[in-house]
Structure formats: C-alpha cells, structure tokens
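Sequence and computational prediction follow.
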Amino acid sequence: MAWSALPTDLLCSISSQLPIADFLRFSFVCTSWNYVVANNVILGIDCHPSPRLLLPNENGQASGILTFYDIAIKDESDLEVLDRHHYLSSLGYHISGRRCIGSKDGWLVTLDKIDLQPRIFNPLTKAEICLPSFFTIPEEHCIRIRHEFASNGSIETFYNEIHPQFSTDAKSFHEMYLRKIVISSNDSHGTAVCIYGCEKLLALAKPGDQAWALGPQVPCYGTNELDEFEDVFYHKEEHRFYVITNFSMVLAFDLIGKNIEMICPPIQDPFTTNFDCNNYIFFLLGSLLKVERVTSINNLRNLRWHASAPGEPWYSKQTIGISVLKLRPDVTTSSCSFSQWIPVDDLEGFSIFIGCNQTFALHHKVAPGIRPNCVYFTDHPVVMSPDEVGHDIGLYDLQSKRFQYFVDPYSEPNWPPSIWYLSHHFHK
C-alpha cells in the first residue's frame, strides 16, 4: 500500500501524537495527508487546543522558519531536561521578510516590512488572506505616514506624530507603528482591528477593503489626554469588539466600528494608574475581566544610560505583578472607580494567555499540559522598540501567588516580541 493511501483514521491517530512542528510537517508529506489534516482543521473534529510560543527567528526573519516553544508541563523536571524548541521550515515567502504580529486559532497575522501589507496566514494549509496596507490608514491631525523612493529605487518610509521625538525612518518604522491586530474570524468575512501609532489609535478593515477606516477615539469618551487604547477583544456571541484603555475605560462597537457603547467610564484619578502597567480585556464564563500586568526594569546594569556591551540589551523589563479583576454586573455609567473591579483569584480551571496577540483562555482539561488558574504572559513592551529585547515570558499562579519564568531574560535578544500560537491536535 502506498503511503498516500493510508486510511484516514490511521492518519488522524498518528497526527494526534505529534508536537506542533512535526504535526505541520506531517501535513506537507503529500496531498492526501494534507487534505486529511486540513479538513480536520476546517471541521474542528475532536479538536484539542495546544498553546505554543512563537519565538523570534534565531536565523533572521528572512529565513522563512518558525520557531515554536512548547510550554506544556507534565513534570517539574521537564523544564530542565527536555528541549522544548521545535522548528518549522519551508514556508518561503509566506514568512520570509515578514513579522508575525498576531495569531488566532492556528492562523498568524504577518506584516511585510516594506509595503506594510498585513496578511492572515495558515502555516498548515499555506492559505493567505490579505488586508489593506497600513499606508491606507487615513491621516489624522497628529499622524503623518508616507513613503518615498530612495536614489537606488527602494522604498523609504517615514512616520511622525507632531512631536519630533516620534519621527522615525524605514528601519524603525515597522517595529514602532503596529501595537496589536485582533481579527474576528480567519476568513474573508472577518474584521480586523488594529492599535497603531505612539498614541495608540484604532483602525478597522475587512479583507477586500481598499483602505483602513478610523475607529472610535478616546477624546470622544474621556477627558484625560493621557488615556489611550491598550487591548482589543472580539466577543463572537455578541458580534462586537471590546477595547480597554490604560485608565480602564471600556468601549464596545460593532464590526464596522459603529454603535459604540461605553461599558465602563475611565478612572477619574490619574494618580491611581500605574504607567508601568498594561491592561488586557477578556470575557470568561459570561463575565468581563481585565488583567493588570505590572513590569519593572529587571537589572540596573541594563539601563539605557549604561554603556552596554555589543549585543547586550539596552535594558530588560520583567513582569512582577499580575491581577485579574471582574467588572461588577451592576455597574452604572454615571461613575466608575476601582471599587467596581472585583479581584478574582479562581478562574474555575481556566488559564488566560496575554501578550501582543489577542487575549484568550483555555481550560486545563481540554488543553493538556497547561496549569489551571494561571495567567500565561509573553513579551509586550510598553514602548514598541527593538531596544526592549529581553525575554519576559512565564506564568503567574493566581492561587499560590507565584511566578514561573520560562526563559532567561538575558539569554538572547528577543525582537520582535514572542506571541502565543494556538495549534490543534485531533483525536478520533
């Protein structure tokens, strides 16, 4: 019997035992194997989610290789004994020269460095869905983005936001401009919402659109000029997006950025806000949650004014505090304060994953190898700059109040930031 003629049940049984990199290679063997695995992806047959870290490529972005890190823990000694790195190659132009800036349910959101063209990409099937270039975002009063041609014919990109210190050239533009992209679905009918610019504005687009459209703006709903958007979450049952600012204002809007509703007004006292804190937003078991993540400079020897050795990070930040809070269901829109956010220390067996990509949660019984009631975090620098290259990856156990860091923050440079990738294994 030819390899391509193996029974479907046998192929599913074999593929279900493979780690992510081997699982994806399995699908590339021949057309029939790829069809079986891809069809199960589409149908969601007995799907077991398996979170992985997608790390920066050690060989450079142009190599077309994806590097995954397995976070599943079966035994405490695993972290010291097993090599948890897996590599997926032969992705060619789909990855080469592109930055992975987000993910959803096994798909990646990638960005071209030159034309700022985002694409939604499935590394299993190699399917791609294009979104409009970020050059099409309408110019705001404080945003100016343009591209010019250099003497050698190459494209030079320039970007500034009224203040001279926010001006940058093509080399840094790609890294600083995009903060986060969240998509409602991995198909041609979905909507993408991005947070962009130093002032963290919102824009929306669908595949097939000619340009991005501006989303809701903070000044329309808050009076604090320091308030800006920090995270986006798509609520698939309500078919609308939720966004949260650094002052904990929460807005909701539909798939075209209309029908805006204020869910929670901003905190009125700016002195109660920690500017070394990131807010993330998520729904779990019918409740609106926010995750507060506090970071600090890891070591004084890495401060910007220290003369770093060649290859050494300018500085490294490390997560030192995480809190999960639930919005009380009886919140009124007449006032809002910290008292309306109730601390949560039990996620009922779920764990939350936060970082540069969209926030999601998994239950430990359906995602073997993850710990219950934890917040898994990965790199999310406040200033999106290659200078912040130290690893900040680990988990925080809400019940034991303990951190566990997966990667030594000084082990190697880490740009672009690592993101969570949710793969799926199949069981018959």
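All right, it came through fine. Numbering: from 1, shown residues only.

Let me see the domain layout of this protein.
Using automatic domain parsing, the domains assigned to the chain come out as 3-113+219-426, 114-215.

for the record, mean pLDDT for the longest one?
For domain 3-113+219-426, mean pLDDT rounds to 75.

Now do the contacts for residue 394.
Shown in contact with residue 394 (Cβ atoms under 8 Å, 6 or more residues apart in numbering): 319, 376-377, 403-407. Heads up, the C-betas are built off the backbone N, CA and C, glycines and all.

try 10 Å this time
Applying Cβ atoms under 10 Å, 6 or more residues apart in numbering, we find residue 394 in contact with 71, 318-319, 322, 374-378, 403-407, 409.

In strands, which of the residues you listed fall?
Within the contacts of residue 394, residues falling in strands by DSSP state E are 318-319, 322, 374-377, 403-405.

what about residue 138, neighbour count?
10 (other Cβ atoms under 10 Å).

Excluding residues flanking it in the chain, which one is nearest residue 138?
residue 214 (5.6 Å; Cβ to Cβ, 6 or more residues apart in numbering).

how about the helices in the stretch 151-300 of the chain?
Along the stretch 151-300 of the chain, counting by DSSP state H, counting those that start in this stretch, helices occupy 170-177.

which parts of stretch 246-265 are buried?
Within stretch 246-265, the residues that qualify as buried are 246-253, 255, 257, 260, 262-265, counting by 16 or more other Cβ atoms under 10 Å.

same check, this time on stretch 233-248
233-234, 240-248.

tally of neighbours for the residue nearest to residue 249 when sequence neighbours are not counted?
Excluding the flanking residues, the one nearest residue 249 by Cβ to Cβ, 6+ apart is residue 266, at 3.7 Å. When neighbours are defined as other Cβ under 10 Å, residue 266 has 22 of them.

Residue 186 too?
Neighbours around residue 186, by other Cβ under 10 Å: 18.

How about residue 286?
Neighbours of residue 286 under the rule other Cβ under 10 Å: 7.

distance of it from residue 237?
10 Å (Cβ to Cβ, to the nearest Å).

can I assume residue 184 is in contact with residue 239?
Yes: counting by Cβ atoms under 10 Å, residue 184 does reach residue 239; the two are 7.9 Å apart.

anything in contact with each of those two?
When contacts are counted by Cβ under 10 Å, 6+ apart, residue 184 and residue 239 have 191, 255 as shared neighbours.

Is residue 100 part of a helix or strand, or is it coil?
Classification of residue 100 using DSSP: H, G, I helix; E, B strand; the rest coil returns strand.

could you list every residue that touches it?
So residue 100 contacts 54-57, 61, 66, 108-111, 121, 123, 356-357, 416-419, 421 (Cβ under 10 Å, 6+ apart).

Phi first, then psi, for the residue lying closest to residue 420 once chain neighbours are set aside.
The shortest distance from residue 420 to any non-neighbouring residue, by Cβ to Cβ, 6+ apart, is to residue 353 (4.9 Å). In terms of degrees, to the nearest 10, the main-chain angles of residue 353 are phi -120, psi 120.

on that earlier part again, go through the buried residues of stretch 233-248 and flag which are in strands.
233-234, 240-245.

can you pull the pLDDT of residue 171?
Confidence at residue 171, expressed as pLDDT, is 55.

could you check the distance from residue 253 over to residue 193?
Separation of residue 253 from residue 193 (Cβ to Cβ) stands at 9 Å.

Give me the common contacts of those two.
202, 204, 215, 241, 243.

For residue 235, list each beta-bridge partner.
Beta bridges link residue 235 to residue 240, judged by DSSP bridges.

residues contacting it?
Contacts for residue 235 (Cβ under 10 Å, 6+ apart) come out as 184, 241-242, 252, 281-283, 288.

any idea how far it lies from residue 10?
In terms of Cβ to Cβ, residue 235 sits 39 Å off from residue 10.
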